[in-house]
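# Using only what follows, build the 3D model:
(chains A and B)
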Number of protein chains: 2
Amino acid sequence: PDLEAGTQAAARETQLTKPRGALGRLEELAAWLATWQGRHPPQMQHPRTAVFAGNHGVAALGVSAYPSEVTAQMVQNFIAGGAAVNQLCRAFDADLRVYEMALEQPTADFTQGPAMTGEECARAMAYGMMAVEPNLDVLCLGEMGIGNTTSAAALACALFGGEPEEWVGRGTGVAGAALETKTRVVREGVERHRGSGDPLDLLAALGGLELAAIAGAVLAARLARTPVVLDGFACTVAASVLWKIDPKALEHCIVGHRSVEPGHTRLLEAIGKEPLFDFGMRLGEGSGATLAIGVLKAAVECHGGMATFADAGVSGPA
Amino acid sequence: PDLEAGTQAAARETQLTKPRGALGRLEELAAWLATWQGRHPPQMQHPRTAVFAGNHGVAALGVSAYPSEVTAQMVQNFIAGGAAVNQLCRAFDADLRVYEMALEQPTADFTQGPAMTGEECARAMAYGMMAVEPNLDVLCLGEMGIGNTTSAAALACALFGGEPEEWVGRGTGVAGAALETKTRVVREGVERHRGSGDPLDLLAALGGLELAAIAGAVLAARLARTPVVLDGFACTVAASVLWKIDPKALEHCIVGHRSVEPGHTRLLEAIGKEPLFDFGMRLGEGSGATLAIGVLKAAVECHGGMATFADAGVSGPA
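Below is the predicted model:
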């Protein structure tokens, strides 16, 4: 972090033509961007959204409302420009990159053994790290993977404790017997793998390729001076593997929105993050993260573009 | 309202490549825009922010941290492009109009008599109505006026009841003796004028020129098929005069953000509106309303631009 850039941002805020602190979170975001971009004023000319897609062995157990084929179909939809995240990137002039991670080779069913070997998990993390390129002003992260809220719930439960019921939500819309199946699958996975307290081992055992890639991207972004916006439940769980290793590891990350998934609110409390939006969204694919770009642009424009009291000839407080 | 356009919007949502309802509030906003623009799909090509500026007799009583001259100075700042709302409009490609309402002639001190005559108030409302022009996709409303949170607190207290302390906040940053003065001024105004239960009489007695103009603009926008975004405390109080006459009168309005002013939360509960953002802002000048344009653009882009399941060849729920 460049604390000097953050201090410069805070100092400038006091000179701008508004009562001190009157722009609230916009002021905090400008200082946060300066700190993690390592420059003042912060910029928001090159936002990017990266979506990682992977398939999950547990999807075959009936934990999702949709079949596994939908992961690849949605990747084609991203490429064709027809998904929500495409429209959001267009609305905010953001670049979109989609990373397809061996969709024909899903992870293993974690109720039977680890979802990934340590090597597979490390390779997926490295792949995510390579997706971070220089000169991005912000990186919004998202995922696509039928079955991945099951994987994320199991991983969160193993990392943060509690009962599977507290971490399992309806995902794409499961209910009734399917929701019971999902909860049972999570319980079996957690019971089988919880023994290892090591966060990276748990990521391999219960996570997925796209979740490991997100963890890698979060790590690499910090080194590349790129602030990160996390999306909803699955994305935040992936990043929280790093938080579990070191709570400082997510200081360069904010969370775009609060997902409808009940596990997200629980997780946000655990890692101490307050999302920007509470819009009842539950789509994934980076949609709630990408939506934050508009607010970040607004924060940067206000911070850099406003006149000072002296420039504008406006009287200060009496 | 064009309920058919709203119904068309809701029908299209079920076909788009996402689980039903997964875009949450973005879906509601698309249907709301269609309903009040009277067309499907809704559009967001021509957003505008209108800021009304007026001065208040009660400002001379020491209710604000800033002197009354700041109202005119800030209008010059708007014209020069140096205020927060200028940067927000640039960030979201919105048109900005500023309406200066006889700043050299503040309203009368409402602790001594009515702030405005009925005729003055009607003229200010008509002025606000004329600010609504054809072919706007959304109108964001804001105000500037040193002393106007005092006026707004008195008006809200007279309209919705309760004690002055429940409606008075720190405004631009008053504390201690000045906050006590502000509360006393509100109490004196309410006690003097509460007798009239008529909302428009109370607007004249306790409001201000810019607040009356906002009420007029809200009325005219509805007739012009222009959805409205309200800003913070003073702006929402102005609009709530119409709600008090008929709760349906604000159906074409959303509220951009929840202000730090404690009276805003109380008022939002009274009129049943849930703001989009809770960013700890308290600036006025339409800043919290203008910030909503990004989300509205996102809603319109997703609604109009996403592929359907059939178009994209994506499987529906199993």
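# Please list the residues of the stretch 51-200 of chain A that sit near chain B.
A:64-67, A:69-70, A:73-74, A:76-77, A:80-84, A:86-88, A:90-92, A:172-173 (Cβ under 8 Å from any Cβ of the partner chain). Backbone N, C-alpha and C define where each C-beta goes, glycine included.
# Point out where the stretch 1-150 of chain A drops to low pLDDT.
Along the stretch 1-150 of chain A, no part satisfies pLDDT under 70.
# hang on, the earlier thing: give me the subset of the residues of the stretch 51-200 of chain A next to chain B that lies in helices.
A:69-70, A:73-74, A:76-77, A:80, A:84, A:86-88, A:90-91 (DSSP state H).
# Centre of the chain to stretch A:53-60, how far?
19 Å (Cα atoms, centre = their mean, to the nearest Å).
# buried stuff in stretch A:71-90?
For stretch A:71-90, the neighbour count (16 or more other Cβ atoms under 10 Å in any protein chain shown) marks A:71-78, A:81-90 as buried.
# Then stretch A:56-70?
A:H56, A:G57, A:V58, A:A59, A:L61, A:V63, A:S64, A:A65, A:Y66, A:S68, A:V70.
# got these as a markdown table, with distance to B:L223 columns?
Converted to a markdown table, the buried residues of stretch A:56-70 look like this (distance: Cβ to Cβ, whole Å):
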| residue | distance to B:L223 |
| --- | --- |
| A:H56 | 53 |
| A:G57 | 59 |
| A:V58 | 56 |
| A:A59 | 53 |
| A:L61 | 57 |
| A:V63 | 52 |
| A:S64 | 48 |
| A:A65 | 44 |
| A:Y66 | 45 |
| A:S68 | 52 |
| A:V70 | 46 |
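# Now flag whichever of these is closest to chain B.
Checking those against chain B with Cβ to the nearest Cβ, the nearest one is A:A65 at 4.4 Å.
# hang on, the closest one packs against A:G171?
Yes: A:A65 is in contact with A:G171 according to Cβ atoms under 8 Å; the separation is 7.2 Å.
# what mean pLDDT would you report for stretch A:293-313?
What stretch A:293-313 shows for mean pLDDT is 97.
# Stretch A:212-230 and chain B, any residue contact?
No: applying Cβ under 8 Å from any Cβ, one finds stretch A:212-230 separated from chain B by no less than 14.0 Å.
# coming back round to it: which one of the ones in helices among the residues of the stretch 51-200 of chain A next to chain B sits closest to B:G24?
A:A84 (11.2 Å; Cβ to Cβ).
# Look up phi and psi at the closest residue to chain B within the stretch 51-200 of chain A.
Closest approach of the stretch 51-200 of chain A to chain B (Cβ to the nearest Cβ) occurs at A:G82, with a separation of 2.7 Å. Main-chain torsions, A:G82, degrees, to the nearest 10: phi -100, psi 0.
# A:L291 too?
According to degrees, to the nearest 10, A:L291 has phi -60, psi -30.
# got the contact list for it?
Listed by Cβ atoms under 8 Å, 6 or more residues apart in numbering or on different chains, the contact set of A:L291 reads A:L88, A:G256, A:H257, A:L276, A:F277, A:F279, B:V295, B:A298.
# Also A:T35?
Counted by Cβ under 8 Å, 6+ apart, A:T35 has contacts A:P1, A:D2, A:L3, A:A5, A:G6, A:A9.
# Inside helices: which ones of those?
Short answer: those in helices (DSSP H) are A:L3, A:A5, A:G6, A:A9.
# A:D201: what's it in contact with?
A:G118, A:H193.
# For it, what is the enclosing helix or strand?
helix A:199-206 (DSSP states H and E).
# Same check on A:A126?
Per DSSP H and E: helix A:118-130 holds A:A126.
# what comes into contact with that helix?
Under Cβ under 8 Å, 6+ apart, the answer for helix A:118-130 is A:52, A:54, A:99, A:101, A:107, A:116, A:200-201, A:203-204, A:207, A:209-210, A:212-217, A:219-220.
# quick one: buried residues of it?
Those would be A:E120, A:C121, A:A122, A:R123, A:A124, A:M125, A:Y127, A:G128, A:M129, for helix A:118-130 by 16+ other Cβ under 10 Å.
# Give me the distance between it and the centre of its chain.
17 Å.
# could you dump that helix to PDB, C-alpha only?
The C-alpha trace of helix A:118-130 is given here as PDB (Å, rounded to 0.1, in the frame of the first residue of the first chain):
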ATOM      1  CA  GLY A 118      -2.600 -29.700  -4.500                       C
ATOM      2  CA  GLU A 119      -0.900 -29.400  -7.800                       C
ATOM      3  CA  GLU A 120      -4.200 -28.900  -9.700                       C
ATOM      4  CA  CYS A 121      -5.100 -26.200  -7.200                       C
ATOM      5  CA  ALA A 122      -1.800 -24.500  -7.400                       C
ATOM      6  CA  ARG A 123      -1.900 -24.500 -11.200                       C
ATOM      7  CA  ALA A 124      -5.400 -22.900 -11.100                       C
ATOM      8  CA  MET A 125      -4.200 -20.200  -8.700                       C
ATOM      9  CA  ALA A 126      -1.200 -19.500 -11.100                       C
ATOM     10  CA  TYR A 127      -3.600 -19.300 -14.000                       C
ATOM     11  CA  GLY A 128      -5.600 -16.700 -12.100                       C
ATOM     12  CA  MET A 129      -2.500 -14.800 -11.200                       C
ATOM     13  CA  MET A 130      -1.500 -14.600 -14.900                       C
END
